[in-house]
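Asker: From the sequence below, what's the structure:
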Amino acid sequence: MLSGLVIVLLPLLLGYLVPVRHAGLMALINRGVNASVYVILLLMGVSLAGLDNLGSQLSRMGGQALVLFAVIGACNLAGLWWLSRRLGLTADPSRVVPGAPTSKLAAMAGSLALVGVVVLGLALGLLGRGLDGLHDGAEALAEWVLYALLALIGCQLRNSGMALRQILLNRHGLAIALMLAATSLVGGLIAAPLLDLRASEGLAMAAGFGWYSLSAILVGDALGPALGGVAFFNDLARELLAFVLIPLVIQRHAALAIGYGGATSMDFTLPVIQQHGGVTCVPVAVVSGFILSLLSPPLTLFFLSL
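Answerer: Below you'll find the predicted structure:
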């Protein structure tokens, strides 16, 4: 099992070792990551279409995702609420950015587009059910694209411009990230027996920290497309709730609002945090999201290898 972990982690580590100093090349890598995510989610949808009793499987996936989301979310909210009362982090309404870079609807459009890609893959898989080897071939191809994606993600993390000193000095961002990670894993442990999963599988599905495109891919590759779909919708629901939650609570509980979005606080939910919490919340959100993005792939892979 550990050899499998090494095989999957190797592209991530190799990518992390590559310094990129040319802005054009970095932009190409970013586009490669986005394209790889779309391809893998499309292939995941094709693989889902090959499941026996698809209707009952999809119903079961929805129920499992709801339970996982509810348990992990309750743990996250309790832990972040406790932390927000002790951290002393406050939003600055006087420095709120007028006219957000994106509206909540525009920010959610990227998330909904990924759902559309999975649905498209499912439709294509259903149309091609008569083709021999289609679904197995989709799974095999997705595995190779995954290796390329991990290498590109490693390169992204290395060249993000986030220095270790900058991370460690931002105690608010560090504390929020660690609390979100710890409470998510506790929630995964609690949810595992409710979903008839092993503890390690519950931990792996909780370790996405909101990075739904990656968690779906890693879990789906190891545990099958059904559980990959559960991981996807669990982490996607976190982001969608964060868009609603941030404007409501950031003025009173800034740490809770920033932390609940998980890894997305450095990208998708950052404009909403900036709009409603002011520019003082931005570095905290970026550091928190970056730490969770750094922790998610190795933790997920480690738990899947147990």
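
Asker: report the longest helix in the chain, please.
Answerer: Counting residues, the longest helix found in the chain (DSSP state H) is helix 54-87.

Asker: Now that helix: average pLDDT?
Answerer: Averaged over helix 54-87, pLDDT sits at 92.

Asker: for it, packing partners?
Answerer: Packing partners of helix 54-87 (3 or more Cβ pairs under 8 Å, 6 or more residues apart in numbering; DSSP states H and E): helix 23-48, helix 171-194, helix 199-206, helix 225-249, helix 254-260. Glycine gets a C-beta too; all of them are placed from N, C-alpha and C.

Asker: again, only using 6 Å
Answerer: helix 171-194, helix 225-249, helix 254-260 (3 or more Cβ pairs under 6 Å, 6 or more residues apart in numbering; DSSP states H and E).

Asker: in that helix, what counts as buried?
Answerer: 54, 61, 64-65, 67-69, 71-73, 75-77, 79-80, 83-84, 87 (16 or more other Cβ atoms under 10 Å).

Asker: Same check on stretch 243-250?
Answerer: Under the neighbour-count criterion of 16+ other Cβ under 10 Å, stretch 243-250 has 243, 245-246, 249-250 buried.

Asker: Just the CA atoms of it, as PDB, please.
Answerer: Listed next in PDB are the C-alpha coordinates belonging to stretch 243-250 (Å, rounded to 0.1, in the frame of the first residue of the first chain):
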ATOM      1  CA  PHE A 243     -20.400  31.800  -0.400                       C
ATOM      2  CA  VAL A 244     -23.600  32.300   1.700                       C
ATOM      3  CA  LEU A 245     -21.900  32.100   5.100                       C
ATOM      4  CA  ILE A 246     -19.100  34.600   4.600                       C
ATOM      5  CA  PRO A 247     -21.200  37.800   4.200                       C
ATOM      6  CA  LEU A 248     -23.400  36.800   7.100                       C
ATOM      7  CA  VAL A 249     -20.700  36.100   9.800                       C
ATOM      8  CA  ILE A 250     -17.400  37.700   8.800                       C
END
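
Asker: what's the model's confidence in it, averaged?
Answerer: Averaging pLDDT along stretch 243-250 yields 87.

Asker: try stretch 180-194
Answerer: pLDDT averaged over stretch 180-194 gives 97.

Asker: Tell me the residue in this structure that is farthest from the middle.
Answerer: Centroid-distance maximum for the chain: G130 at 33.7 Å, with Cα atoms, centre = their mean.

Asker: G137: which of the buried residues of stretch 243-250 is nearest?
Answerer: G137 has its nearest neighbour among the buried residues of stretch 243-250 in F243, at 36.5 Å by Cβ to Cβ.

Asker: mind checking how far F303 is from I273?
Answerer: Remark: distance between F303 and I273 (Cβ to Cβ, to the nearest Å) = 29 Å.

Asker: what do you get for M44?
Answerer: 29 Å.

Asker: Ok, L134 next?
Answerer: L134 is 42 Å from I273, by Cβ to Cβ.

Asker: So which of those two has more stuff around it?
Answerer: Using other Cβ atoms under 10 Å, the more surrounded residue of L134 and I273 is I273, with 30 against 17.

Asker: Now the more buried one. Nearest residue, chain neighbours left out?
Answerer: Nearest residue to I273 in three dimensions, chain neighbours excluded: A285, at 4.9 Å (Cβ to Cβ, 6 or more residues apart in numbering).

Asker: so which helix or strand takes in the one you found?
Answerer: Taking DSSP states H and E as the definition, A285 sits inside helix 282-305.

Asker: just to revisit the earlier point, looking at the buried residues of stretch 243-250, which is nearest L141?
Answerer: Nearest to L141 out of those is F243 (Cβ to Cβ; 32.7 Å).

Asker: sec struct for L197, please.
Answerer: Under DSSP: H, G, I helix; E, B strand; the rest coil, L197 falls in the coil class.

Asker: And it, its phi and psi?
Answerer: Per-residue torsions, L197: phi -110, psi 160 (degrees, to the nearest 10).

Asker: number of nearby residues for it?
Answerer: L197: 20 neighbours (other Cβ under 10 Å).

Asker: pLDDT below threshold where in the protein?
Answerer: Along the chain, the parts satisfying pLDDT under 70 run over 1-9, 93-111, 160-168.

Asker: If we use 50, what do you get?
Answerer: Low-confidence segments of the chain, defined by pLDDT under 50: 1, 95-102.

Asker: which ones are touching the spatially most central residue of it?
Answerer: With distances taken as Cα atoms, centre = their mean, W211 lies nearest the centre of the chain, 0.7 Å away. W211 sits next to 263, 296 when contact means Cβ atoms under 6 Å, 6 or more residues apart in numbering.

Asker: ok, it to A148 distance?
Answerer: As judged by Cβ to Cβ, W211 and A148 stand 17 Å apart.

Asker: same thing with H135?
Answerer: Distance, H135 to A148, by Cβ to Cβ: 21 Å.
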